[in-house]
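*Asks:* got a structure for you, letters missing:
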Ligand code: DNO
């Protein structure tokens, strides 16, 4: 497994690359061109500048999260084929730059949902949390205002203000689309992009719906084991796989995460590993990564990933806000994610030393020597990834 951290890019992430680089055991970053709206083609120049910046800091890009999907693709609307062509052009550019994993989601209208971005805990930390009973009493626009007020002046991934300004229109667009229709649209999209993914060796990793049940009457098709298996079978291709997000799937206590991981052997292309604490039906908060602080067994999760021979990028996910850290995208502070990463690496080392095969440990990378002659080729990744 390759241990990574998410970085939102220059001008978007208050956490700097030189800070990330000091996290022991960090292999690379997971990043994106945050400012490019879904549907637009990513330019080689913009991506090269991002890659250059990451590599100049002695790190590498270990995968992209996300290349977001235009709503016309999700709901088979006007211009769908054009937007798919644009997506393919972006994949081609990324493939030529050596990227081999792209995370995306297929949630209608918006990405992940929380009702509180700074729920206080008894130790003074704050965390992201969700209460279905609040969602049941507000509309999506009210929820957006609620979240914006707590966003630490950052743009929340999936909740870009330009999108939220069109929220009513977006809801209207999806009217009448059910889970079956959404899955058919996902299949159409995947079938169109697979030849390009195969050519460049890009593994597509769909992110589960978060929380793992339908909200605001919108269809959800990536919430549990059967659905994850179904989507890998509907387009059975080695490049079609999943982001195993323990927090999203774990929002539903009925999901047995280690069992889901084992059932997806060969289909997990990326992993988000974090804990959640179930407070009651439809009510959860994002705890520290430690097993005893939440409801998930993190040892069993890391062991299952090890046992299926997963060797792709893994990252600690949303952390608590601790030690007064407020200058960050909510959930993406430096401190608690670094603690989470160290814990996951500890679990992994212990698992590897007691369960020797399959070997998936990537040793702590040597200090890289930045190459002043930057090219966009895949051979400039100092930490050995591409
Ligand atoms: C939330 C993230 C999601 C994820 C997307 C993938 O913090 O896990 O925003 O990046 O769903 O497209």
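*Replies:* Done, it's in. From a predicted model like this one, the values you see are computed outputs, not experimental measurements. Residues are numbered from 1 along each chain as shown.

*Asks:* Tell me where the stretch 251-386 of the chain is predicted with low confidence.
*Replies:* For the stretch 251-386 of the chain, applying pLDDT under 70 flags the ranges 356-386.

*Asks:* Recalculate using a threshold of 50.
*Replies:* Low-confidence segments of the stretch 251-386 of the chain (pLDDT under 50): 361-384, 386.

*Asks:* Mind jotting down where the strands sit in it?
*Replies:* 268-273, 277-280, 283-285, 313-316 (DSSP state E, counting those that start in this stretch).

*Asks:* Contacts for the third one, please.
*Replies:* Outside of strand 283-285, the residues that reach it under the criterion Cβ atoms under 8 Å, 6 or more residues apart in numbering are 119, 121, 127-133, 211, 251, 276-279, 295. The way it works is simple: take the backbone N, C-alpha and C, and place the C-beta from them, glycine included.

*Asks:* ok so, going back, the strands of the stretch 251-386 of the chain: which one's closest to residue 218?
*Replies:* strand 283-285 (19.4 Å; Cβ to Cβ).

*Asks:* Can you tell me the strand partners of the closest one and which way each runs?
*Replies:* strand 126-131 (antiparallel), strand 277-280 (antiparallel) (DSSP bridges).

*Asks:* okay, the strands of the stretch 251-386 of the chain in CSV with mean neighbour count and distance to the ligand next?
*Replies:* Output for the strands of the stretch 251-386 of the chain, formatted as CSV (neighbours: other Cβ atoms under 10 Å; distance: least, Cβ to the nearest ligand atom, whole Å):
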stretch, mean neighbour count, distance to the ligand
strand 268-273, 26, 6
strand 277-280, 14, 17
strand 283-285, 21, 15
strand 313-316, 27, 10
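
*Asks:* could the ones you listed go into CSV alongside distance to residue 151?
*Replies:* Compiled in CSV, the strands of the stretch 251-386 of the chain are given as follows (distance: least, Cβ to Cβ, whole Å):
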stretch, distance to residue 151
strand 268-273, 20
strand 277-280, 23
strand 283-285, 18
strand 313-316, 21
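
*Asks:* what's the closest of those to residue 1?
*Replies:* Of all the strands of the stretch 251-386 of the chain, strand 313-316 comes closest under Cβ to Cβ, at 4.8 Å.

*Asks:* What separation do you get for the closest residue to residue 263 other than its chain neighbours and the ligand?
*Replies:* Counting by Cβ to Cβ, 6 or more residues apart in numbering, residue 263 lies nearest to residue 225, which is 5.9 Å off, once chain neighbours are set aside. Going from residue 225 to the ligand by Cβ to the nearest ligand atom, to the nearest Å gives 19 Å.

*Asks:* ok, residue 225 touching residue 260?
*Replies:* Yes. Counting by Cβ atoms under 8 Å, residue 225 touches residue 260, with 4.8 Å between them.

*Asks:* which residues does residue 255 contact?
*Replies:* Contacts of residue 255 by Cβ under 8 Å, 6+ apart are 212, 224-225, 249.
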